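Undergrad: sequence plus predicted model, see below.
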2 protein chains.
Amino acid sequence: MTKPLRADAQRNRDAVIAKARELFDAGDFFDLRFDDFARLAGVGTGTLYRHFPTREALAEAVYHEEVAALCDRAHRLRATLPAAEALAAFLRDMVDYLDAHQGLARTLATLMATRAGALAEGSQALEQAVTDLVTAAAKDGTIRDDVDAGAVMMALHGIGAAHDRPNWRAEADGVITLLLAGLRR
Amino acid sequence: MTKPLRADAQRNRDAVIAKARELFDAGDFFDLRFDDFARLAGVGTGTLYRHFPTREALAEAVYHEEVAALCDRAHRLRATLPAAEALAAFLRDMVDYLDAHQGLARTLATLMATRAGALAEGSQALEQAVTDLVTAAAKDGTIRDDVDAGAVMMALHGIGAAHDRPNWRAEADGVITLLLAGLRR
DNA sequence: CCAAAATATGGAGGTCATCTCCATTTGTCA
DNA sequence: TGACAAATGGAGATGACCTCCATATTTTGG
């Protein structure tokens, strides 16, 4: 399905992602004109747009492997721990991760806000991972089964969307605590 | 503190808010060019911008009284019900209200996303109302006191921010259910 | 190794929403 | 009523986003 990229195209693509990651870490990614970013990355605007039609698409590419890692972790947890504990561990990890990578929090927030996220691959994968964890735990009876996994997802969205609240970390932990306590039978 | 508005200015302001409310109800408010909106409302763009520097400012004006009503309701509930029940009732009302007025949900989501919300009067008031309810219930011992009221706020943000999820209502109810169950001692 | 075909490039310029500015109009007050 | 203050509105500046295409680079098949 995926046609092999020409050598120079691949090089440019990688350069763009590398520069984007750099800006994410510095926290400037979202404050920059997209055109200027192209110049920074050393490519023309046309090239940038061909590879990444929107800013969010680029953000997703940057975090693609990280999100994949999170999903993997979800699967591993689910395989090695009782379902409820796996869910708890995953949610706490998620907050840790968002805390360590503010860029991702902002990315997710944007993805959520623009609804482009509904189509984003990474977003889908994450949602699927959460759904799996929740339904597994519900099925073995350790958590209630009358609440949709989407509710957990929604709360996570809230955590991401509120990334700039002054007391973010404590509040995010609070949300997770409430969710887990609320889910317990 | 508030300087009295000239007669025509007041008239225009009211006309703009009225038209905005109309569009909110129709669901078109956010899909419209702000300039075109000015024409629709029968004022010049300059006038529109003088009264409402941003789209969000206008949205807030439209929902100002609604938010005020919600806050009043919070106070009344707090006065007439045990604290924990007041909190529960308020949160459920909140979802009902958001469900009935999608425009408000989207407004809140935007306010949250743009961080302009942190300064918005209505937003502040809502947060205060929630905080009051939570701390009251925590103080009388009916809910746990180790979780910040901000966590509840964050979850509400999530509900607002996710307003376009296909299964919104059920998931929103789920979030509230989990929060309330999680808060119980 | 060398065309010719396919693929990719980049940046000038088009498009469009946002917002400002100010000459003119409208309201207020003595 | 006259003069001063307040408000108006819409033309046009601004600036971000995105497209287009003449040129350049890579690949392919002979």
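TA: That came through, no problem. Numbers count the residues shown, from 1 in each chain, chains lettered A, B, ... in the order given.

Undergrad: mind listing what's buried along whichever strand or helix holds A:Glu127?
TA: Using DSSP states H and E, A:Glu127 maps to helix A:121-139. By 16 or more other Cβ atoms under 10 Å in any protein chain shown, the buried positions in helix A:121-139 come out as A:122-123, A:125-127, A:129-130, A:132-134, A:136-138. Where you see a C-beta, it was placed from the backbone N, CA and C, and this is true even at glycine.

Undergrad: which residues touch it?
TA: Contact partners of helix A:121-139, identified using Cβ atoms under 8 Å, 6 or more residues apart in numbering or on different chains, comprise A:60, A:63-64, A:67-68, A:70-71, A:74-75, A:77-78, A:83-84, A:86-87, A:90, A:108, A:111, A:117, A:143-145, A:149-150, A:152-153, A:156, A:183.

Undergrad: next one: stretch A:3-13
TA: Here stretch A:3-13 makes contact (Cβ under 8 Å, 6+ apart) with A:43, A:47, A:51.

Undergrad: A:Glu74 reaches A:Phe90, doesn't it?
TA: Quick fix: residue A:74 is Ala, not Glu. Yes - using Cβ atoms under 8 Å, A:Ala74 is in contact with A:Phe90, at 5.1 Å.

Undergrad: make a markdown table out of the buried residues of helix A:121-139 and add distance to B:Ala162 and pLDDT.
TA: Compiled in a markdown table, those are given as follows (distance: Cβ to Cβ, whole Å; pLDDT from 0 to 100):
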| residue | distance to B:Ala162 | pLDDT |
| --- | --- | --- |
| A:Gly122 | 17 | 80 |
| A:Ser123 | 12 | 82 |
| A:Ala125 | 18 | 90 |
| A:Leu126 | 14 | 90 |
| A:Glu127 | 11 | 92 |
| A:Ala129 | 17 | 96 |
| A:Val130 | 13 | 96 |
| A:Asp132 | 20 | 97 |
| A:Leu133 | 19 | 97 |
| A:Val134 | 16 | 98 |
| A:Ala136 | 23 | 97 |
| A:Ala137 | 22 | 97 |
| A:Ala138 | 21 | 97 |
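
Undergrad: output the set of residues of chain A in proximity to DNA strand C.
TA: Counting by Cβ under 7 Å from any atom of the strand, chain A comes close to DNA strand C at A:5-6, A:8-9, A:11-13, A:35, A:39, A:42-47, A:49-51.

Undergrad: taking the residues you listed one by one, which sit in helices?
TA: Among these, the subset assigned to helices under DSSP state H consists of A:8-9, A:11-13, A:35, A:39, A:45-47, A:49-51.

Undergrad: most neighbours among those residues, please name it.
TA: A:Asn12 (20 neighbours; other Cβ atoms under 10 Å in any protein chain shown).

Undergrad: could you dump the contacts of stretch A:3-13 to TSV with pLDDT and distance to A:Ala172?
TA: Converted to TSV, the contacts of stretch A:3-13 look like this (pLDDT from 0 to 100; distance: Cβ to Cβ, whole Å):
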residue	pLDDT	distance to A:Ala172
A:Val43	98	36
A:Thr47	98	38
A:His51	97	33
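
Undergrad: which one of these is nearest DNA strand D?
TA: Distance to DNA strand D across these (Cβ to the nearest atom of the strand) is lowest for A:Thr47, with 8.0 Å.

Undergrad: not counting sequence-adjacent ones, nearest residue to that closest one?
TA: The shortest distance from A:Thr47 to any non-neighbouring residue, by Cβ to Cβ, 6 or more residues apart in numbering or on different chains, is to A:Asn12 (5.7 Å).

Undergrad: tell me, how many residues neighbour A:Gly27?
TA: For A:Gly27, the neighbour count with other Cβ under 10 Å is 11.

Undergrad: do A:Asp140 as well
TA: A total of 11 residues lie near A:Asp140 under the criterion other Cβ under 10 Å.

Undergrad: now swap in the one 3 residues further on and tell me
TA: The burial count assigned to A:Ile143 is 22, neighbours taken as other Cβ under 10 Å.

Undergrad: distance of it from A:Leu133?
TA: Going from A:Ile143 to A:Leu133 by Cβ to Cβ, to the nearest Å gives 10 Å.

Undergrad: low-confidence regions, chain A specifically.
TA: In the predicted model of chain A, residues A:1, A:111-119 satisfy pLDDT under 70.

Undergrad: domain ranges for it?
TA: Domain assignment for chain A by automatic domain parsing gives A:1-53, A:55-183.

Undergrad: for these, which one ends up most surrounded?
TA: Mean neighbours per residue, mean count of other Cβ atoms under 10 Å in any protein chain shown, is largest over the domains of chain A for domain A:55-183, with a mean of 19.
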